[in-house]
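[1] Compute the structure for the input listed below.
(chains A, B, C and D)
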Protein chains: 2
Amino acid sequence: MATDQTRTAILVAAERLYAERGFADVTLRDIVAAADVNLAAVNYHFGSKDELIAELFVTRSLALNRERLRELKAAEEAGDGRAPIDAVLRALVGPTLRGGLGPDNARSTAARFMIRVSIESVPPIRRIRNREIDHLRKFVAAMRRSLPGVSDVDLYWGLHFALAMAHQTVRDSERLAKLSEGQCDVDDVEDVIERVVSVAVMALTANAPGKMAARSLAR
Amino acid sequence: MATDQTRTAILVAAERLYAERGFADVTLRDIVAAADVNLAAVNYHFGSKDELIAELFVTRSLALNRERLRELKAAEEAGDGRAPIDAVLRALVGPTLRGGLGPDNARSTAARFMIRVSIESVPPIRRIRNREIDHLRKFVAAMRRSLPGVSDVDLYWGLHFALAMAHQTVRDSERLAKLSEGQCDVDDVEDVIERVVSVAVMALTANAPGKMAARSLAR
DNA sequence: CATAGTTTCATACATCTGTTTGAATTGCAA
DNA sequence: TTGCAATTCAAACAGATGTATGAAACTATG
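    Next up is the predicted model:
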C-alpha cells in the first residue's frame, strides 16, 4: 500500500513548481525530476498532465471554500445568524491572504498555487471554475443578511472589490513593496487583512443610508 | 516602402491573439496565419518571438503611461498644481478601464493586451516592467500634493488598491457579470470608473483627519 | 515458493515549438 | 533593361513536450 508515495510526491512537487513558476513553463519532466520519480509515473497515476492539474485544483479549491465557509459560519453563529459585515468579509479574504502572504517560508504553496490558477486560467481548470460562482453566492447572501439596506448591485461590487484587493495583494505584493521601498509591510498579514476589509466595508456602507454620499463626493 | 505592411500586420495580429488567448497558447504559426504572412516573417522583421512581444509591450506601455500623465497634468493645471484626489485617481485608472471595458467591439485590443501582460508575466516583459515603478511614483507624488495629511504608507496602499480594483474588473468582468446575473453593468465604463475612484478616495480619506476611524470600525 | 497484480523504468513516438536556410520574388535606382 | 538590395517563401532543423509501450522489478497472497 505504502500510502501512494509516488502519487503524493508528484502532487507535492507539481504544486510547488506551479506555484513558483506558473503553468506555462513547468513541464512533466520538471515535475518528475523534482518528485524524483519516473517520467511515466504521472500518466500512470493521473492519466494525463491536465488531470493532474485538475486534481490539484479541485482539492485546493474545496479546501479554500471549506475554510472560508467555516469562518463565515462561526461568525454568523456568534451573531445569531447575522454576522457583522466586516466578519463576513474577513471570512472571504482572510484565508486567501493568510496563505498567500507572510515571510516566504510561511506562505503555503497551496495558496500560491491557487493564485496561479486565478491568474493563468489553463483549460482543464476553466471548466471547473464555474462552481466558484455558487460558492461566492453564499457570501453575497451573508452580506445581504448583514446589510439589508444595501442594494444587491452594491453588494456584488463590494464583494468584487474585496476579492480584487486581496488577490492583487497576494499576486503582486512585490510591486507594492518596491514602490513603497519596504514601507508597506506585506508580511504583516493581519494588518493587510484589516486594510482590505476596512476598505471593503467603507465601500459597502458609505452610501448605505443616504445613498450617493461618497459617490457624489468623488464626482 | 509600403509602410512595412508585413510588420504592421504581424503586430496587429499578434496583439489581438495575445489579448484574446494569452501568451501561453499562441504560437508563431497562429500569428502568421492570422496576419496572412509567411512563417519566417516574424524572425525577419523582429528577430525573435520574444522581441515581438517586447516591442508590443513597450509601445503600449508608453502609450498608456502617456495618456495617464496627460490626464494627470490636465487635472493638476486646472487646480494650480494640486489636483483633487479623485481627479488624480481617475487619471490613474481611467485609461485602463476605458480601454478594457465596454461592449466587445469597443474594447481596445491594446488595453486587453496590457491586461494579459500584467497577468501572465512572460520573461521578455518582466525585465522591462520595472520601469512601471517610476511611473507610479509620479502618481504617488501627485496624491501627496493632493492629500498632504495622509501618510506615505496609506498613499501607497490607496494606489495599490485602486489599481487592484481596476485591474481585476477588466480581467474578470465576466465573473462579476455572471455572479450578479447582469445586474452589474460592466459596460457602463464611466460608472465603473466612478465606483473604483470613489472607493479608493474613501480608503485614502477615511482616516485622514482623525486616523483610526474606519480601521477601528472594522475590527 | 510460486504466481498474479501492481508499480516502476528506460526508451521510443508523434507532434509541436521557434528558428534557420537558401532559393525565389519583388521593388527600385541607375 | 539591368543590377542590386530588400523581402518573401517553402522547406527543413533541432529541441522540447506529452504520451505510449513493453519489459523489468516489486509486493503480497495462496
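[2] Which residue ranges of chain A form strands?
    Counting by DSSP state E, chain A forms no strands at all.
[3] which non-adjacent residue is nearest the spatially most central residue of it?
    Nearest to the geometric centre of chain A sits residue A:96, at 3.9 Å (C-alpha atoms, centre = their mean). Using C-beta to C-beta, 6 or more residues apart in numbering or on different chains and skipping the chain neighbours, the partner closest in space to residue A:96 is residue A:166 (5.3 Å). C-beta: built from backbone N, CA, C; applies to glycine.
[4] what's the distance between the residue nearest to the centre of chain A and residue B:29?
    Taking C-beta to C-beta, to the nearest Å as the measure, residue A:96 falls 38 Å from residue B:29.
[5] I'd guessed the residue nearest to residue A:96 sits against residue A:90; true?
    No - the criterion here is C-beta atoms under 8 Å, and residue A:166 misses it with residue A:90 at 10.6 Å.
[6] So which residues on chain A come close to DNA strand D?
    A:1-2, A:25, A:27-29, A:39-40, A:42-43, A:48-50 (C-beta under 7 Å from any atom of the strand).
[7] Take the residues you listed and keep only those in helices.
    Among the residues of chain A next to DNA strand D, the residues falling in helices (DSSP state H) are A:28, A:29, A:40, A:42, A:43, A:49, A:50.
[8] and those residues, which are buried?
    A:28, A:42, A:49 (16 or more other C-beta atoms under 10 Å in any protein chain shown).
[9] give me every residue that touches the second one.
    Residues touching residue A:42, when contacts are defined by C-beta atoms under 8 Å, 6 or more residues apart in numbering or on different chains, comprise A:10, A:28, A:31, A:32, A:48, A:49, A:52.
[10] do that again at 7 Å, thanks
    Residues in contact with residue A:42 (C-beta atoms under 7 Å, 6 or more residues apart in numbering or on different chains) are A:10, A:28, A:31, A:32, A:49, A:52.
[11] Nearest to chain B among those?
    Nearest to chain B out of the contacts of residue A:42 is residue A:49 (C-beta to the nearest C-beta; 13.6 Å).
[12] Spit out the contact partners of the closest one.
    With C-beta under 7 Å, 6+ apart, residue A:49 has these contacts: A:28, A:42.
[13] ditto for residue A:30
    residue A:17.
[14] ok, now the one 5 residues further on?
    With contact taken as C-beta under 7 Å, 6+ apart, residue A:35 is in contact with A:9, A:10, A:13.
[15] Name the nearest residue to it, ignoring sequence neighbours.
    residue A:13 (3.7 Å).
[16] Isn't the one you found up against residue A:33?
    No - judged on C-beta atoms under 7 Å, residue A:13 makes no contact with residue A:33 at a distance of 8.3 Å.
[17] what about residue A:140, how many neighbours?
    When neighbours are defined as other C-beta atoms under 10 Å in any protein chain shown, residue A:140 has 17 of them.
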